[in-house]
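**Student:** show me the folded form of this:
(2 chains)
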Amino acid sequence: NAGVTQTPKFRVLKTGQSMTLLCAQDMNHEYMYWYRQDPGMGLRLIHYSVGEGTTAKGEVPDGYNVSRLKKQNFLLGLESAAPSQTSVYFCASRQIYEQYFGPGTRLTVT
Amino acid sequence: RKEVEQDPGPFNVPEGATVAFNCTYSNSASQSFFWYRQDCRKEPKLLMSVYSSGNEDGRFTAQLNRASQYISLLIRDSKLSDSATYLCVVTLDGDKIIFGKGTRLHILP
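**Tutor:** Reported below is the predicted structural model:
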């Protein structure tokens, strides 16, 4: 039981490049979330999903897209990366109350 | 007023001391309350849920005060390993989850 995994762990992008972050959970949770965490800003919700095939915008969705084609996977896409998207990205899943987080992806956009 | 507010700290506390910090929330309809712990450069992990009657887990005690809209975390006999950032989390309507920005705690040897 791996819990929540994220790939990649680290990535450096040039401005304008695109990439996809993958989150996978093996706990059969319905809810999944993508957050970004920046110094002094705390965790900010980007997008979330309440079940397979559903997605919804969070607090800071601009510049990101998501898909939840399979229940166990939640993908976060950056179509055209900007330096302002340099951050640590955490994925989380939840069934009832407790959120389980992945180890994070450190993204730098130069 | 922010939805969830915490003193950012840092709280610098000698080993063995007792430390407490609060978190205030603005929405009286908030339903569930939690404390998460986040170590440097790691993911947040659930420390404990917070119930109206209060709850205790070893050296940690959490309290909820609905009338004044705050939750508290008390750590007794603090250890060096307690050094971390403590995040207050509040849920609304089952789906909306709000994180505080965290309180940094440094336990000094």
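
**Student:** all strands for chain B, in order.
**Tutor:** Remark: strands assigned in chain B by DSSP state E are B:4-6, B:11-14, B:19-25, B:32-38, B:44-50, B:55-57, B:60-65, B:70-75, B:84-92, B:96-99, B:103-108.

**Student:** go through these and find the least confident stretch.
**Tutor:** Confidence, taken as mean pLDDT, is least for strand B:96-99 of the strands of chain B (a mean of 89).

**Student:** which residues sit against it?
**Tutor:** Applying C-beta atoms under 8 Å, 6 or more residues apart in numbering or on different chains, the contact partners of strand B:96-99 are A:33, A:42-43, A:45, A:94, A:99, B:3-4, B:25, B:36, B:44, B:87-92. In this view, the C-beta of every residue, glycine as well, is placed from N, C-alpha and C.

**Student:** how close does A:Thr15 get to chain B?
**Tutor:** Per C-beta to the nearest C-beta, to the nearest Å, A:Thr15 is found 25 Å from chain B.

**Student:** so where does that residue fall, helix or strand?
**Tutor:** For A:Thr15, there is no enclosing helix or strand under DSSP states H and E.

**Student:** who's A:Gln99 bridged to?
**Tutor:** Note on A:Gln99: beta-bridge partners A:Arg94, judged by DSSP bridges.

**Student:** ugh, wrong one, A:Gly42
**Tutor:** The partner list for A:Gly42 in beta bridges (DSSP bridges) reads A:Asp38.

**Student:** identify the residues contacting it.
**Tutor:** Contacts of A:Gly42 by C-beta under 8 Å, 6+ apart are B:Leu87, B:Phe99, B:Gly100, B:Lys101, B:Gly102.

**Student:** doesn't B:Leu108 make contact with B:Asn12?
**Tutor:** Yes - using C-beta atoms under 8 Å, B:Asn12 is in contact with B:Leu108, at 5.8 Å.

**Student:** sorry, back to before: mind putting the strands of chain B into CSV with mean neighbour count?
**Tutor:** Converted to CSV, those look like this (neighbours: other C-beta atoms under 10 Å in any protein chain shown):
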stretch, mean neighbour count
strand B:4-6, 20
strand B:11-14, 15
strand B:19-25, 19
strand B:32-38, 21
strand B:44-50, 19
strand B:55-57, 12
strand B:60-65, 18
strand B:70-75, 20
strand B:84-92, 22
strand B:96-99, 20
strand B:103-108, 18
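
**Student:** those: which one's closest to A:Asn65?
**Tutor:** Nearest to A:Asn65, of all these, is strand B:96-99, at 21.2 Å by C-beta to C-beta.

**Student:** gap between that closest one and the chain center?
**Tutor:** Centre-to-centre, strand B:96-99 and its host chain are 14 Å apart (C-alpha atoms, centre = their mean, to the nearest Å).

**Student:** next: stretch A:83-90.
**Tutor:** Relative to the chain's own centre, stretch A:83-90 is displaced by 10 Å; criterion: C-alpha atoms, centre = their mean.

**Student:** start and end of it, how far apart?
**Tutor:** 18 Å (C-alpha to C-alpha, to the nearest Å).
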